[in-house]
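> any chance you can model this:
(chains A and B)
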Amino acid sequence: MSQICIRVKDLVKTYKDLTALDRISFDVREGEILGILGPNGSGKTTTLKSILGIIEFDEGSIEVNGLSVKNRRKEILKDMGAILEGARNIYWHLSPRENLTYFAGIRGIPKKTIIRRIDYLLESLELSSVADKEIRQFSSGMKQKCALACAFIYDPSILLLDEPTLGLDVEISRTIRDWLLNVVEKEGKTILITSHNMDFIESICDRILIIRRGLIISHETVASLKEKFARKHFRIDLESEPHSHLLDKIATLGIVSVSGSSISVELETANQLIPLMRILGGADTKMLDFHTVENDLEEIFLEVIREEEE
Amino acid sequence: MRFINLIVAEAKMLYWSLRRYMFNTVAMLVVMFLIFMGMFWGIKSIGGSGVTGDSLDSMLVGYVLWVSAMLALQNTGTEITSESMRGTLEQLYLSPMGADKIFFVKAVINMVFNFVFITAMLYLSMAATGRWMSVNLPYLYGMVLLSTLSLVGISFMIGGIGLIHKRIGSLIGILSFGLIGLMLLPTYPITPYAFLPFVAGAAAVRNSIVRGHVYPVWWYLFITGNSLIYLLVGLFVFKRMEKKARRLNKMGQY
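Numbers count the residues shown, from 1 in each chain, chains lettered A, B, ... in the order given. As a prediction, the model looks like this:
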């Protein structure tokens, strides 16, 4: 099992009367992509900025590669990159190449040692043809790619990305996702991402942390989250439209909705699957197909939030 | 080695910015050239050909002191405000070099570029008017750089306030206005005014270049001490404000 590279323990951050983080604890392992989800103002960005030492937390501890953020921040930053304000994090009046050179330089890295890295990043993010053009003229997606390249320029092993796909279209979001997955696989990076883009988070993250009002309300792998919430939802295709007496019987097991000859059933427990099959077996119409409907992450997220509210 | 790379990066950044905003750069150089031409022609028309070089030297020293002092005083505060407005301030805080070092290097690089422009425009206007001055420029720039370090310290204090309060244009304006008075105060032999930032250095530069005063070594040590103390106090205040900005989550939010 890979080593823990970020350890957050009992983290507390308050602003006057508002508790932004209320004793949250979690670990991130080497080579893992952890997603942080939560409604606006839930504490996602505060968590990221606390790990980077940009926000001073009140209680608890954060360790990165075994070093405390409170006392060894500068050492930690040598191996950590971040995007915090999306594409605003870079200089729009400069070109991508100039930005990359500058961000390496202010970390004390000379250009000659990163020339290859600059070319690799520009090429892999399809920015080579605009490498020397002013970023101001670029689309949002291209600006975001430049910001991403700048965060990766000094080859840090840990990346913290706050809303990396905010305001981007599906195509660019997918390009960024594929690029990140490729980098993680090839270079073994550890990534912590916050996003409201559920498809993006679902397709890229190994584990998901759901935060609400500064508290962690769910902390699971994507697969286990989906398993937990998706197993009770089924769609049945019938040969003909079902009779009302069949629907009444099924309704005793859970919530039923009908669309032509298809029935959607949401059971209260997975144990009710056998009685459901018995009812369908005795029906006067033939069952053509039976699907387990997987909730997408957005539905799961809303359900977790709803459960927590209740 | 790492620090040199930071210096190179900041010098490149300034060069790229000057090149990108070429119109503004050219306008700045033209204004500087016109000011020098105005000095040369003005002195010539008032004093005729028999005027001594002293008045011109005095104006030149006064101009260099004034421009450099304004630059030193305003640099860190305005840099922090503009980085914050752009959204790039937090990225500077992610550098293991530390934001204080970055802003210090920015201030010094700005000053050095300023000296290069002044020298270039000065020689251009001397060539244009055919009147050649014999000011010891290395001494002038060295002393200006040394004495404006105290103002860099004040600028760090303003920058620290800027981290929390963001809009600090009025404060910079008031302090810049106060600078005019500071440059004319008597300091030697030692007066209470000598303990203010920049005052002793500015007076020493003016008097030694224009009037040929020779100061003892201890006076230069005093000026160095004055500058370093203000710089260190400025950095200390900046660090305290930075800590407060971290606590209040004010870093980078404009």
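
> what pLDDT is listed against the residue of the stretch 51-200 of chain B found nearest chain A?
Of all residues in the stretch 51-200 of chain B, B:G87 sits closest to chain A, at 2.9 Å by C-beta to the nearest C-beta. Using the backbone N, CA and C atoms, a C-beta is placed for each residue, glycine as well. What the model reports for B:G87 is a pLDDT of 87.

> need the contact list for the residue nearest to it when sequence neighbours are not counted.
Excluding its sequence neighbours, the residue lying closest to B:G87 (C-beta to C-beta, 6 or more residues apart in numbering or on different chains) is A:R88, at 2.9 Å. Counting by C-beta atoms under 8 Å, 6 or more residues apart in numbering or on different chains, A:R88 makes contact with B:R86, B:G87, B:T88.

> stretch B:6-17 close to chain A?
Yes - applying C-beta under 8 Å from any C-beta of the partner chain, one finds stretch B:6-17 touching chain A at B:L6, B:V8, B:A9, B:E10, B:K12, B:M13, B:W16, B:S17.

> next, count neighbours for A:G41.
13 (other C-beta atoms under 10 Å in any protein chain shown).

> any idea which element it lies in?
Using DSSP states H and E, A:G41 is not contained in any helix or strand.

> distance of it relative to A:L18?
Distance of A:G41 to A:L18, computed by C-beta to C-beta, to the nearest Å: 9 Å.

> from the contacts of A:R88, which ones fall inside helices?
B:R86 (DSSP state H).

> need phi/psi at the nearest residue to B:L18 once chain neighbours are set aside.
Distances taken as C-beta to C-beta, 6+ apart put B:T25 closest to B:L18, at 4.6 Å, once the chain neighbours are dropped. Main-chain dihedrals, B:T25, degrees, to the nearest 10: phi -60, psi -50.

> with A:K9 instead?
According to degrees, to the nearest 10, A:K9 has phi -130, psi 120.

> quick check: it vs A:I217, distance?
On the measure of C-beta to C-beta, A:K9 and A:I217 end up 18 Å apart.

> compare those two and say which is more crowded by neighbours.
The neighbour comparison of A:K9 against A:I217 (other C-beta under 10 Å) goes to A:I217, with 17 against 14.

> give me the secondary structure label for that one.
Judged by DSSP: H, G, I helix; E, B strand; the rest coil, the three-state class of A:I217 is strand.

> that one contacts A:I211, doesn't it?
Yes - between A:I217 and A:I211 a contact is recorded at 7.1 Å, counting by C-beta atoms under 8 Å.

> let me know the pLDDT of the residue nearest to B:G87.
For A:R88, pLDDT reads 85.

> point out where the chain drops to low pLDDT.
Just going to use chain A. Low-confidence regions of chain A, defined by pLDDT under 70, span residues A:1, A:226-232, A:270, A:294-298, A:308-310.

> can you look at chain B instead?
B:1, B:43-54, B:253-254.

> mind doing that once more with 80?
B:1, B:41-57, B:131-135, B:166-167, B:169, B:175-190, B:252-254 (pLDDT under 80).

> enumerate the residues of it near chain A.
B:1-3, B:5-6, B:8-10, B:12-13, B:16-17, B:20-21, B:86-88, B:90-98, B:102, B:243, B:246-249, B:251-252.

> PyMOL command for the buried members of the residues you listed?
Only the buried entries of those go into this PyMOL selection, using 16 or more other C-beta atoms under 10 Å in any protein chain shown:
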select buried, chain B and resi 5+6+8+9+10+12+13+16+20+86+87+88+90+91+92+93+94+95+96+97+98+102+246+249+251+252
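
> name the residues of the stretch 101-250 of chain A found near chain B, please.
A:101-111, A:134, A:150.

> same thing but 6 Å
A:Y102, A:G105, A:I106, A:R107, A:G108, A:P110 (C-beta under 6 Å from any C-beta of the partner chain).

> can I get these in a markdown table with neighbour count?
What follows is those, written out as a markdown table (neighbours: other C-beta atoms under 10 Å in any protein chain shown):
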| residue | neighbour count |
| --- | --- |
| A:Y102 | 23 |
| A:G105 | 26 |
| A:I106 | 23 |
| A:R107 | 22 |
| A:G108 | 19 |
| A:P110 | 16 |
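
> so which of those residues sit within helices?
Those of those lying in helices (DSSP H): A:Y102, A:G105.

> for A:I83, phi and psi?
According to degrees, to the nearest 10, A:I83 has phi -120, psi 120.

> hey, where'd the helices end up in chain B?
Counting by DSSP H, the helices of chain B are B:2-20, B:22-47, B:53-86, B:89-92, B:99-129, B:137-165, B:169-182, B:199-206, B:217-247.

> contact partners for the residue of the stretch 101-250 of chain A found nearest chain B?
Taking C-beta to the nearest C-beta, chain B has its nearest neighbour within the stretch 101-250 of chain A at A:G105, 2.4 Å off. Counting by C-beta atoms under 6 Å, 6 or more residues apart in numbering or on different chains, A:G105 touches B:N5, B:A9.

> repeat the analysis, applying 7 Å as the threshold.
Going by C-beta atoms under 7 Å, 6 or more residues apart in numbering or on different chains, A:G105 touches A:K111, B:N5, B:L6, B:V8, B:A9.
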